[in-house]
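In: need a 3D model of the sequence below.
(chains A, B, C and D)
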2 protein chains.
Amino acid sequence: MAGTSLSRSEAKELTRRRLIRAAFAILDEEGEAGLTTVKVAKAAGIAQSSFYVHFKDRHELLRALGDQAGERLRATMREARLKAHVAGDARGHRDAFRIPLEAICRHPELFRIGMRARHDPCSPLQEFAIQTAAAYRAHLAADLAAMGFPTESEHDRRRLEMVADGINSLTNTMAVGHLEGRYPDLEEVVDVLVAFSKGCLRALRAPAGRDGADHPQG
Amino acid sequence: MAGTSLSRSEAKELTRRRLIRAAFAILDEEGEAGLTTVKVAKAAGIAQSSFYVHFKDRHELLRALGDQAGERLRATMREARLKAHVAGDARGHRDAFRIPLEAICRHPELFRIGMRARHDPCSPLQEFAIQTAAAYRAHLAADLAAMGFPTESEHDRRRLEMVADGINSLTNTMAVGHLEGRYPDLEEVVDVLVAFSKGCLRALRAPAGRDGADHPQG
DNA sequence: TTTTTCACCGATAGTACTATCGGTGAAATT
DNA sequence: AATTTCACCGATAGTACTATCGGTGAAAAA
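Out: Numbering: from 1, shown residues only, chains lettered A, B, ... in the order given. Now for the predicted structure:
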């Protein structure tokens, strides 16, 4: 092996990274209930008691996991914004859906963990998951406004939020289907997402649907 | 109090029901990690050891919870089918979205538990949650086919599944938003769901979109 | 009335995990 | 070279939960 001798701080940092990597793997495979100091330490190749050299307690590990996941997410969103700006209009539109899908596929374990934490009230990661969803929603809402959604009235803005929320969940659902092998062609997934959003855009730009004047009971 | 004297089997059945009710409450509030025999028994007002009079072990309780949730869901879906058949076309369309939403609002704790279990590999309820999602998807796919989605080719059928999957997740997401108070008007939620699905229907019935002939890479 | 059944109880053995403590040897510092 | 630092170790106290066991009293059966 090359470079066997590491400085003490380098070795510690490496061990810490091993712990976090092991924690993500366990979190993905066994859920939060399976994430014990015993298992994480063993998976990282150190004694259980040495876990506390790196983290004050179990809770601090979870906080570190959330931080790291958030960091990775922000990087992905920066990248997505950049690419979308560079690309043209129609192409940028497809990218707006493809890039998040690709990001999910790059780190599916992180995505799955987030999906789980989203609805788990006893998870320290729940707050992170909710903030993540909100951030992605805001990201999307800006794109949709640029696409032509009206944003004048209070009603319009709430509807925009609902649509962004919807497209977010659609993206997640399609990603799950893709990861489970049900929708193997990612371009087809993008097609469906585009159809959903474009269809919705068109339906909502037309002032009223076809069922009633506005909506029957206010 | 009236009818204080219950037969032994009646009293036992009542205690069992108290246990299940307590279990659902704890599952909703604290997640599956908080669902211990200690807490459930205490919440139901019996000794921890007496838990085992009613259930072989902790796992059997979870199975019972899944069974009960499934039973309630099937009843809801029967009801929805019935109402949709009775109602006319345009009205039935709105109902197809409103009825599941109302069912969710009737038992939000059950819904939340399902959402959580859906992505939790160590949950005995995961299988139930996945089957529930699949059943609802099938239910919806039939409705969509009736609405005019093409179902001839393999490609069409997969796309139909994707759309059903999508509408399912949209319904869930809107329900969450409604339960969290972000989308207080249920009719508006139905509007958005209708717009999504009708828009998608229209976009997909037209053979190709506007970005490319079919989809670039096959 | 006498006997049996059984839902419930308290106590407890066994298990798994958290977090602390003193010890150790190699890296870092002096 | 002598000393200090500290990442890691094994041992262990403390905690929470699961599941079993023998006992109890009232309902049910005889």
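In: what's the neighbour count on residue A:97?
Out: Neighbour count of residue A:97, defined by other CB atoms under 10 Å in any protein chain shown: 24. Where you see a C-beta, it was placed from the backbone N, CA and C, and this is true even at glycine.
In: not counting its neighbours along the chain, what's nearest it?
Out: Spatially, and ignoring its direct neighbours in sequence, residue A:97 is nearest to residue A:193 (4.3 Å; CB to CB, 6 or more residues apart in numbering or on different chains).
In: residue A:179 too?
Out: That would be residue A:108: by CB to CB, 6+ apart, it lies 5.3 Å from residue A:179.
In: state the distance from that neighbour to chain B.
Out: Plainly put, residue A:108 is 11 Å away from chain B if you go by CB to the nearest CB, to the nearest Å.
In: what of residue A:55?
Out: Using CB to the nearest CB, residue A:55 is found at 19 Å from chain B.
In: what does residue A:197 give?
Out: Distance of residue A:197 to chain B, given as CB to the nearest CB: 8 Å.
In: skip the chain neighbours and tell me the closest residue to that residue.
Out: What sits nearest to residue A:197 in space, not counting adjacent residues and going by CB to CB, 6+ apart, is residue A:167, at 5.5 Å.
In: need the contact list for the one you found.
Out: A:140, A:144, A:193, A:196, A:197 (CB atoms under 8 Å, 6 or more residues apart in numbering or on different chains).
In: tell me the contacts of the spatially closest residue to residue A:36 that is not a sequence neighbour?
Out: Nearest non-adjacent residue to residue A:36, counting by CB to CB, 6+ apart: residue A:58, 7.7 Å away. When contacts are counted by CB under 8 Å, 6+ apart, residue A:58 touches A:35, A:36, A:37.
In: show me the domain layout of chain A.
Out: A:7-55, A:66-205 (automatic domain parsing).
In: show the end-to-end separation of the longest one, please.
Out: It refers to domain A:66-205. Domain A:66-205 has an end-to-end distance of 39 Å (CA to CA, to the nearest Å).
In: pull the distance from that domain to the chain's centre.
Out: Taking CA atoms, centre = their mean, to the nearest Å, one finds domain A:66-205 lying 8 Å from the centre of the chain it belongs to.
In: same question, the shortest one
Out: A distance of 23 Å separates the C-alpha centroid of domain A:7-55 from that of its chain, computed with CA atoms, centre = their mean.
In: likewise stretch A:40-56?
Out: How far stretch A:40-56 lies from its chain's middle: 28 Å, per CA atoms, centre = their mean.
In: name the residue of chain A that lies nearest to chain B.
Out: Nearest to chain B in chain A, going by CB to the nearest CB, is residue A:199, at a distance of 2.4 Å.
In: so who does the residue lying closest to residue A:169 once chain neighbours are set aside touch?
Out: Nearest non-adjacent residue to residue A:169, counting by CB to CB, 6+ apart: residue B:173, 3.8 Å away. By CB under 8 Å, 6+ apart, residue B:173 lies in contact with A:165, A:166, A:168, A:169.
In: in TSV: the residues you listed, plus secondary structure, neighbour count and pLDDT.
Out: Below are those laid out as TSV (DSSP: H, G, I helix; E, B strand; the rest coil; neighbours: other CB atoms under 10 Å in any protein chain shown; pLDDT from 0 to 100):
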residue	secondary structure	neighbour count	pLDDT
A:165	helix	24	93
A:166	helix	27	94
A:168	helix	21	91
A:169	helix	22	94
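In: for stretch A:41-53, C-alpha coordinates in PDB please.
Out: What follows is stretch A:41-53, C-alpha atoms only, in PDB (Å, rounded to 0.1, in the frame of the first residue of the first chain):
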ATOM      1  CA  ALA A  41     -18.300   1.200  15.300                       C
ATOM      2  CA  LYS A  42     -18.000  -2.400  14.300                       C
ATOM      3  CA  ALA A  43     -18.700  -1.600  10.700                       C
ATOM      4  CA  ALA A  44     -16.100   1.100  10.800                       C
ATOM      5  CA  GLY A  45     -13.600  -1.300  12.400                       C
ATOM      6  CA  ILE A  46     -13.200   0.300  15.800                       C
ATOM      7  CA  ALA A  47     -14.300  -0.500  19.300                       C
ATOM      8  CA  GLN A  48     -17.700   0.600  20.400                       C
ATOM      9  CA  SER A  49     -16.300   2.800  23.100                       C
ATOM     10  CA  SER A  50     -14.100   4.600  20.500                       C
ATOM     11  CA  PHE A  51     -17.200   5.900  18.900                       C
ATOM     12  CA  TYR A  52     -17.200   8.500  21.600                       C
ATOM     13  CA  VAL A  53     -13.900   9.800  20.500                       C
END
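In: in stretch A:16-26, which residues are buried?
Out: Across stretch A:16-26, burial judged by 16 or more other CB atoms under 10 Å in any protein chain shown covers A:18, A:19, A:20, A:22, A:23, A:24, A:26.
In: which parts of chain A sit against DNA strand C?
Out: Counting by CB under 7 Å from any atom of the strand, the residues of chain A close to DNA strand C are A:5, A:7-9, A:35-39, A:48-49, A:52, A:57-59.
In: 10 Å instead, please
Out: A:4-12, A:30, A:33-42, A:47-53, A:55-61 (CB under 10 Å from any atom of the strand).
In: now do stretch A:38-49: everything it contacts.
Out: Stretch A:38-49 is contacted from outside by A:15, A:18-19, A:21-23, A:25-26, A:30, A:37, A:50-51, A:61, using CB under 8 Å, 6+ apart.
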